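> I'd like to go over a predicted model; first the sequence, then the structure.
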Amino acid sequence: VRRFVVIGQRAFVGEAFSLANLPASSGRLDVLLRCVRAALLFSHGVRRDTIVYLVLLGAPGAPQALRIEGAAVKFLRPDERSVAVLVQKAFATPRAGSGFVTVRPGVAVAEGGLDVVLADVGDAAPYVLEEGAADLREAALDDADAVFFVGDDVGFDEATRGRLAALGARPVAVGPVSLHADDVVAVVVNELDRRTPGTG
Ligand SMILES: C[S@@+](CC[C@H](N)C(=O)[O-])C[C@H]1O[C@@H](n2cnc3c(N)ncnc32)[C@H](O)[C@@H]1O
(Lines give C-alpha, C1' and ligand atoms only; values in the text may rest on other atoms or scores of the structure.)
Protein backbone atom coordinates (compact mmCIF):
# COMPACT_ATOMS: atom_id res chain seq x y z
CA VAL A 1 0.00 0.00 0.00
CA ARG A 2 1.18 3.51 -0.79
CA ARG A 3 0.47 6.13 1.82
CA PHE A 4 0.85 9.88 1.69
CA VAL A 5 0.62 12.12 4.75
CA VAL A 6 0.27 15.82 4.06
CA ILE A 7 0.83 18.16 6.99
CA GLY A 8 -1.14 21.42 6.86
CA GLN A 9 0.46 23.79 9.35
CA ARG A 10 -2.47 26.21 9.39
CA ALA A 11 -5.16 24.08 7.75
CA PHE A 12 -8.58 23.79 9.40
CA VAL A 13 -12.23 23.26 8.54
CA GLY A 14 -14.27 25.75 10.55
CA GLU A 15 -17.41 27.84 10.42
CA ALA A 16 -15.83 30.42 8.15
CA PHE A 17 -14.98 27.70 5.61
CA SER A 18 -15.94 29.10 2.22
CA LEU A 19 -15.75 27.23 -1.08
CA ALA A 20 -15.57 30.59 -2.82
CA ASN A 21 -12.44 31.56 -0.92
CA LEU A 22 -10.84 28.31 0.11
CA PRO A 23 -7.22 29.45 0.61
CA ALA A 24 -8.09 32.27 3.02
CA SER A 25 -10.95 30.54 4.85
CA SER A 26 -9.23 27.23 5.55
CA GLY A 27 -5.58 27.98 6.33
CA ARG A 28 -4.56 26.80 2.84
CA LEU A 29 -6.45 23.52 2.99
CA ASP A 30 -6.58 23.89 -0.81
CA VAL A 31 -2.93 22.77 -0.91
CA LEU A 32 -3.87 19.54 0.85
CA LEU A 33 -6.91 18.96 -1.37
CA ARG A 34 -4.76 19.08 -4.48
CA CYS A 35 -2.52 16.44 -2.91
CA VAL A 36 -5.56 14.19 -2.49
CA ARG A 37 -6.20 14.37 -6.21
CA ALA A 38 -2.56 13.82 -7.12
CA ALA A 39 -2.21 10.78 -4.85
CA LEU A 40 -5.51 9.04 -5.39
CA LEU A 41 -6.75 9.79 -8.89
CA PHE A 42 -5.54 8.82 -12.31
CA SER A 43 -7.36 9.53 -15.55
CA HIS A 44 -10.81 7.96 -15.10
CA GLY A 45 -10.02 6.06 -11.96
CA VAL A 46 -9.11 5.85 -8.29
CA ARG A 47 -5.89 4.20 -7.12
CA ARG A 48 -7.10 1.38 -4.94
CA ASP A 49 -3.61 0.76 -3.53
CA THR A 50 -3.27 4.26 -2.04
CA ILE A 51 -4.27 5.90 1.23
CA VAL A 52 -4.00 9.63 1.88
CA TYR A 53 -3.89 11.29 5.28
CA LEU A 54 -4.35 15.00 5.82
CA VAL A 55 -3.16 16.47 9.11
CA LEU A 56 -4.84 19.77 9.96
CA LEU A 57 -2.66 21.48 12.55
CA GLY A 58 -4.62 24.74 12.34
CA ALA A 59 -7.84 23.18 13.59
CA PRO A 60 -9.28 24.99 16.62
CA GLY A 61 -8.51 23.03 19.78
CA ALA A 62 -6.86 19.75 18.96
CA PRO A 63 -5.35 19.05 15.55
CA GLN A 64 -7.51 16.90 13.33
CA ALA A 65 -6.75 14.25 10.76
CA LEU A 66 -8.57 12.83 7.75
CA ARG A 67 -7.96 9.52 5.98
CA ILE A 68 -9.14 8.66 2.47
CA GLU A 69 -8.69 5.08 1.29
CA GLY A 70 -8.65 4.54 -2.44
CA ALA A 71 -9.92 0.98 -2.05
CA ALA A 72 -13.19 2.11 -0.51
CA VAL A 73 -13.86 5.76 -1.31
CA LYS A 74 -16.82 6.56 -3.57
CA PHE A 75 -17.55 9.57 -5.75
CA LEU A 76 -14.08 11.08 -5.45
CA ARG A 77 -13.78 13.62 -8.25
CA PRO A 78 -10.71 15.48 -9.47
CA ASP A 79 -11.91 19.04 -8.97
CA GLU A 80 -10.78 20.81 -5.84
CA ARG A 81 -14.26 22.03 -5.00
CA SER A 82 -15.79 18.58 -4.75
CA VAL A 83 -12.88 17.30 -2.66
CA ALA A 84 -13.40 20.33 -0.40
CA VAL A 85 -17.07 19.44 0.03
CA LEU A 86 -16.16 15.84 0.85
CA VAL A 87 -13.71 17.00 3.54
CA GLN A 88 -16.15 19.56 4.93
CA LYS A 89 -18.94 16.97 5.21
CA ALA A 90 -16.58 14.43 6.75
CA PHE A 91 -15.66 16.75 9.61
CA ALA A 92 -19.28 17.87 10.06
CA THR A 93 -20.51 14.29 10.54
CA PRO A 94 -21.32 13.49 14.19
CA ARG A 95 -19.09 10.71 15.47
CA ALA A 96 -17.96 8.96 18.60
CA GLY A 97 -14.85 7.01 19.46
CA SER A 98 -11.12 7.48 19.36
CA GLY A 99 -8.69 7.02 16.49
CA PHE A 100 -10.02 7.13 12.94
CA VAL A 101 -13.81 6.93 12.75
CA THR A 102 -15.33 6.11 9.36
CA VAL A 103 -17.89 8.72 8.39
CA ARG A 104 -18.58 7.58 4.82
CA PRO A 105 -17.16 4.83 2.62
CA GLY A 106 -13.39 5.13 2.57
CA VAL A 107 -13.35 8.37 4.54
CA ALA A 108 -12.47 8.59 8.22
CA VAL A 109 -11.63 11.42 10.58
CA ALA A 110 -9.77 11.54 13.88
CA GLU A 111 -9.18 13.97 16.69
CA GLY A 112 -5.41 14.26 16.85
CA GLY A 113 -2.51 14.97 14.56
CA LEU A 114 0.61 13.14 13.52
CA ASP A 115 0.51 10.66 16.40
CA VAL A 116 -2.91 9.31 15.46
CA VAL A 117 -1.73 8.98 11.85
CA LEU A 118 1.47 7.20 12.87
CA ALA A 119 -0.52 4.74 14.95
CA ASP A 120 -2.66 4.03 11.89
CA VAL A 121 0.14 3.54 9.35
CA GLY A 122 1.84 0.89 11.46
CA ASP A 123 5.09 -0.49 10.09
CA ALA A 124 5.10 1.09 6.63
CA ALA A 125 8.57 2.31 5.62
CA PRO A 126 8.66 6.09 6.30
CA TYR A 127 10.08 8.66 3.87
CA VAL A 128 10.05 12.42 4.27
CA LEU A 129 10.02 14.66 1.22
CA GLU A 130 12.69 17.30 1.76
CA GLU A 131 14.28 19.72 -0.65
CA GLY A 132 18.00 19.00 -1.00
CA ALA A 133 17.82 15.42 0.29
CA ALA A 134 19.03 12.31 -1.53
CA ASP A 135 17.42 11.74 -4.91
CA LEU A 136 14.27 9.61 -4.82
CA ARG A 137 15.39 7.95 -8.06
CA GLU A 138 18.44 6.53 -6.33
CA ALA A 139 16.52 5.39 -3.24
CA ALA A 140 15.77 1.72 -2.66
CA LEU A 141 12.11 2.40 -2.00
CA ASP A 142 10.00 -0.14 -0.22
CA ASP A 143 7.19 0.63 -2.64
CA ALA A 144 5.11 -2.31 -1.47
CA ASP A 145 4.41 -0.65 1.86
CA ALA A 146 5.65 2.90 2.18
CA VAL A 147 4.49 6.15 3.74
CA PHE A 148 5.59 9.52 2.36
CA PHE A 149 5.34 12.72 4.43
CA VAL A 150 4.90 16.01 2.57
CA GLY A 151 4.78 19.57 3.91
CA ASP A 152 2.37 22.30 2.83
CA ASP A 153 3.17 25.67 1.25
CA VAL A 154 5.25 26.68 4.29
CA GLY A 155 6.97 23.34 4.78
CA PHE A 156 7.17 21.32 8.00
CA ASP A 157 6.97 22.79 11.48
CA GLU A 158 9.82 21.91 13.84
CA ALA A 159 7.73 19.54 15.98
CA THR A 160 6.76 17.50 12.91
CA ARG A 161 10.31 17.52 11.60
CA GLY A 162 11.61 16.25 14.96
CA ARG A 163 8.93 13.57 15.20
CA LEU A 164 9.72 12.27 11.71
CA ALA A 165 13.45 12.27 12.41
CA ALA A 166 12.86 10.30 15.62
CA LEU A 167 10.81 7.85 13.60
CA GLY A 168 13.77 7.30 11.29
CA ALA A 169 11.95 8.62 8.22
CA ARG A 170 14.41 8.71 5.32
CA PRO A 171 14.67 12.13 3.61
CA VAL A 172 14.26 12.01 -0.17
CA ALA A 173 14.05 14.75 -2.80
CA VAL A 174 12.32 14.82 -6.17
CA GLY A 175 14.83 17.06 -7.90
CA PRO A 176 16.66 20.35 -7.52
CA VAL A 177 13.65 22.68 -7.53
CA SER A 178 11.27 23.35 -4.62
CA LEU A 179 7.89 22.25 -5.95
CA HIS A 180 4.30 22.68 -4.87
CA ALA A 181 3.22 19.87 -2.57
CA ASP A 182 0.79 18.31 -5.06
CA ASP A 183 3.47 18.26 -7.74
CA VAL A 184 5.79 16.49 -5.32
CA VAL A 185 3.10 13.86 -4.72
CA ALA A 186 2.63 13.45 -8.47
CA VAL A 187 6.36 12.87 -9.00
CA VAL A 188 6.52 10.29 -6.20
CA VAL A 189 3.47 8.50 -7.59
CA ASN A 190 5.07 8.47 -11.01
CA GLU A 191 8.29 7.01 -9.62
CA LEU A 192 6.32 4.28 -7.86
CA ASP A 193 4.32 3.59 -11.04
CA ARG A 194 7.55 3.15 -12.98
CA ARG A 195 8.87 0.67 -10.45
CA THR A 196 5.61 -1.19 -9.97
CA PRO A 197 3.50 -0.80 -13.09
CA GLY A 198 -0.13 -1.78 -13.32
CA THR A 199 -1.35 -0.13 -10.16
CA GLY A 200 -4.52 1.86 -9.95
C1 LIG B 1 6.11 24.30 -1.40
S2 LIG B 1 7.14 23.16 -0.55
C3 LIG B 1 7.51 24.04 0.96
C4 LIG B 1 8.34 25.23 0.78
C5 LIG B 1 8.67 25.91 2.09
N6 LIG B 1 8.94 27.26 1.78
C7 LIG B 1 9.85 25.28 2.78
O8 LIG B 1 10.88 25.91 2.84
O9 LIG B 1 9.75 24.19 3.30
C10 LIG B 1 5.98 21.97 0.01
C11 LIG B 1 6.56 20.66 0.43
O12 LIG B 1 6.84 19.90 -0.72
C13 LIG B 1 7.99 19.10 -0.50
N14 LIG B 1 8.96 19.45 -1.53
C15 LIG B 1 8.97 20.54 -2.34
N16 LIG B 1 9.97 20.47 -3.23
C17 LIG B 1 10.59 19.30 -3.00
C18 LIG B 1 11.72 18.64 -3.60
N19 LIG B 1 12.37 19.15 -4.64
N20 LIG B 1 12.08 17.44 -3.10
C21 LIG B 1 11.42 16.87 -2.06
N22 LIG B 1 10.35 17.45 -1.46
C23 LIG B 1 9.95 18.65 -1.91
C24 LIG B 1 8.41 19.29 0.94
O25 LIG B 1 7.81 18.28 1.73
C26 LIG B 1 7.82 20.66 1.25
O27 LIG B 1 7.54 20.80 2.62
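That came through fine.

> contact residues of the protein facing the ligand?
Counting by Cβ under 6 Å from any ligand atom, the residues of the chain lying close to the ligand are 129-131, 150-151, 153-156, 173-175, 177-181, 184. The C-beta positions use only the backbone N, C-alpha and C, and glycine is treated the same way.

> of those residues, buried ones?
Buried members of those, counted by 16 or more other Cβ atoms under 10 Å: 129, 130, 150, 151, 156, 173, 174, 181, 184.

> thinking again about what came up before, in helices, which of the residues of the chain next to the ligand fall?
Among these, the ones falling in helices (DSSP state H) are 181, 184.

> ok, what's across the strand from residue 69?
Judged by DSSP bridges, the bridge partners of residue 69 are residue 51.

> farthest-apart pair in the buried ones among the residues of the chain next to the ligand, please.
Farthest-apart pair in these is 156 and 174; separation 15.5 Å (Cβ to Cβ).

> rewinding a little: next step: the buried ones among the residues of the chain next to the ligand restricted to strands.
129, 130, 150, 151, 173 (DSSP state E).

> still on that earlier bit, between the buried ones among the residues of the chain next to the ligand, which sits nearest residue 28?
The closest of those, once distances to residue 28 are taken by Cβ to Cβ, is residue 181, at 9.8 Å.

> where does residue 143 land on pLDDT?
At residue 143, the pLDDT value in this model is 64.

> what does residue 98 give?
Reading off the model, residue 98 has pLDDT 89.

> next one: residue 60
At residue 60, pLDDT is 81.

> just checking, what packs against the worst-scoring helix or strand of the chain on mean pLDDT?
Of all helical and strand segments in the chain, the minimum by mean pLDDT, DSSP states H and E falls on helix 22-25, at a mean of 91. If you count contacts as 3 or more Cβ pairs under 8 Å, 6 or more residues apart in numbering; DSSP states H and E, helix 22-25 packs onto helix 29-40.

> contacts for the helix it packs on, please.
2, 4, 6, 8, 11-13, 22-23, 46-47, 50, 52, 54, 56, 68, 70, 73, 76, 78, 80, 83-84, 87, 150, 152-153, 180-183, 185-186, 189 (Cβ atoms under 8 Å, 6 or more residues apart in numbering).
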